[in-house]
Structure formats: C-alpha cells, structure tokens
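A.B. asks: here is a sequence together with a model predicted from it:
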Amino acid sequence: MGEEVTEKPVSADSGPTDCSKAEVNGEKADGGVKYYSLEDVKEHNLSNDTWLIIHDKVYDITSFLEEHPGGEEVLLEQAGADATESFEDVGHSKDAREMLESYYVGELHMQFMDPMVDTCSGGSYRRRHVSLLFLRTQVLLRDFTLLQAHLGALEMFDQTFCKLNTHS
Ligand code: HEM
C-alpha cells in the first residue's frame, strides 16, 4: 500500500460524478482524450499512485518520482493537486516540459461552481429550464439585476455542453 502523502481530504464520494460517467472521469471521449475532475485527481495522492495537474493537464508521475532532479519530496507535496504554480515558479527547462508528455493521462475537466449550470448533475436540463424561467420572470418584473448573471451562466452551459457533446 502506498503511503498517503498529503493531508488533503479525499471524500468518499469524490469519485465519479453523475455526468462524469459519460464524458469525463477517465472515460475516453472523441479523439481518445480522457477527462478527469479535480476530485478524481485528488484520489491519486499516494506515493505509489501520484497524479498532478499542470496547466489543466493531468499527469501520472508515479514512475518519475525517484528520477526528478528536484527530488521526490517537492512532487509529493503536490500529489493529487494542481502543481502549475510551483512548476512554473521553478522555471523548468524546455526539456523538463517535453518530459511531461510521457506522463500525460488526460485533461482536467472544468466544473462549474454555479448551481444553475451544474452540468454534473442529472438535473442539468431541469436547472437550465429553471434558469430560463428566472430570466423570463425578471424581464417581466423589469428586474435586471440578476439578468446579466443568468445570461452569462446559460451561455457557459451551452458552450460547455456543446463542447462535451462533440467529444462524446
Ligand atoms: C512532472 C512534472 C515535472 C517534471 C517533468 C520536472 C522535471 C524537472 C527537470 C528535468 C529538472 C531539471 C532542471 C530542468 O531541466 O528544468 C527539474 C528541476 C527541478 N524541479 Fe521539477 N519537474 C516537475 C515538477 C516539479 C514540481 C511540481 C516542482 C515543485 C516544486 C518541481 C521542482 C523542481 C526543482 C526545485 C528543481 C530544481 C532542482 C535544482 O536545480 O537543483 N518540479 N524538474
């Protein structure tokens, strides 16, 4: 068994999310690209199962730990997390960037924070519908304060959904 290397909480339900089963969470989408959520990556925070994210790409660096010229400690500190900042802070060489390719396992799947566009819920269409109802009501009541936010949220929903659809 691998030793847990971070104290970051890994919740029991941090695995596949509803919609992840179809398009993300390691499932191959169009072109063979795999998508993982932050929660998926967090699960790989062991010294014998080490993933990290750099620039929205997911890498399995387990076999690289001992080879890293900067030592394995710094990598293990980032295990299961986004290491973009620390990777860039060091000013890694072109060679180092090219090495990343060997450990690439997939892309980070962005999840929305806005519940109105929660595409990872089985009720995403229902939420979208509710959001549209809000919009209509606000227009009717001439209440434009939240209108902009809802329009933005719906636009993001549509863009992402179309994007995911092209991958499925
Ligand atoms: C999988 C991702 C990584 C790869 C492939 C990688 C690769 C390398 C390579 C090849 C070097 C030698 C210098 C160079 O060519 O730039 C290096 C140095 C170093 N790396 Fe990384 N690295 C990775 C991630 C990280 C991360 C996340 C950290 C976090 C702090 C880090 C910290 C360092 C440090 C401190 C050095 C300097 C060693 C020295 O100059 O004594 N590396 N890395």
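C.D. replies: Nice, I can see it.

A.B. asks: quick one: contacts for the residue of the chain at minimum distance from the ligand?
C.D. replies: Going by CB to the nearest ligand atom, the ligand is nearest to G70 of the chain, at 2.6 Å. Quick note: C-beta positions are derived from backbone N, CA and C, even for glycine. Residues near G70 by CB atoms under 8 Å, 6 or more residues apart in numbering: V90.

A.B. asks: what about it, distance to Y36?
C.D. replies: With distances taken as CB to CB, to the nearest Å, G70 is found 24 Å from Y36.

A.B. asks: which parts of the protein sit against the ligand?
C.D. replies: Neighbours of the ligand within the chain, by CB under 6 Å from any ligand atom: 59, 61, 64, 68-70, 74-75, 78, 83, 86-87, 90, 92-93, 95-96, 99-100, 103.

A.B. asks: now stretch 39-56: buried residues?
C.D. replies: Within stretch 39-56, the residues that count as buried by 16 or more other CB atoms under 10 Å are 39-42, 44-47, 50-54.

A.B. asks: could you pull up the mean pLDDT of it?
C.D. replies: In this model, stretch 39-56 carries a mean pLDDT of 98.

A.B. asks: can you get me the start-to-end distance on that stretch?
C.D. replies: Terminal residues of stretch 39-56 are spaced 14 Å apart (CA to CA, to the nearest Å).

A.B. asks: mind checking which of the residues of the chain next to the ligand are in helices?
C.D. replies: Members of these lying in helices (criterion: DSSP state H): 74-75, 86-87, 90, 95-96, 99-100.

A.B. asks: okay, now the unreliable bits of this structure?
C.D. replies: By pLDDT under 70, the weakly predicted segments of the chain are 1-30, 111-141, 143-168.

A.B. asks: one more pass at 50, please.
C.D. replies: Along the chain, the model assigns pLDDT under 50 to residues 1, 6-23, 113, 117-126, 162, 165-168.

A.B. asks: now for the residue lying closest to D60 once chain neighbours are set aside: which residues touch it?
C.D. replies: With sequence-adjacent residues excluded and distances taken as CB to CB, 6 or more residues apart in numbering, D60 is closest to V105, at 4.8 Å. Going by CB under 8 Å, 6+ apart, V105 touches 34, 36, 51, 58-60.

A.B. asks: please repeat the previous calculation with a cut-off of 7 Å.
C.D. replies: By CB atoms under 7 Å, 6 or more residues apart in numbering, the contact list for V105 reads 34, 58-60.

A.B. asks: pull out the buried positions in the helix or strand hosting it.
C.D. replies: V105 belongs to strand 104-108 when assigned by DSSP states H and E. Neighbour-count burial for strand 104-108, counted by 16+ other CB under 10 Å, picks out 106-108.
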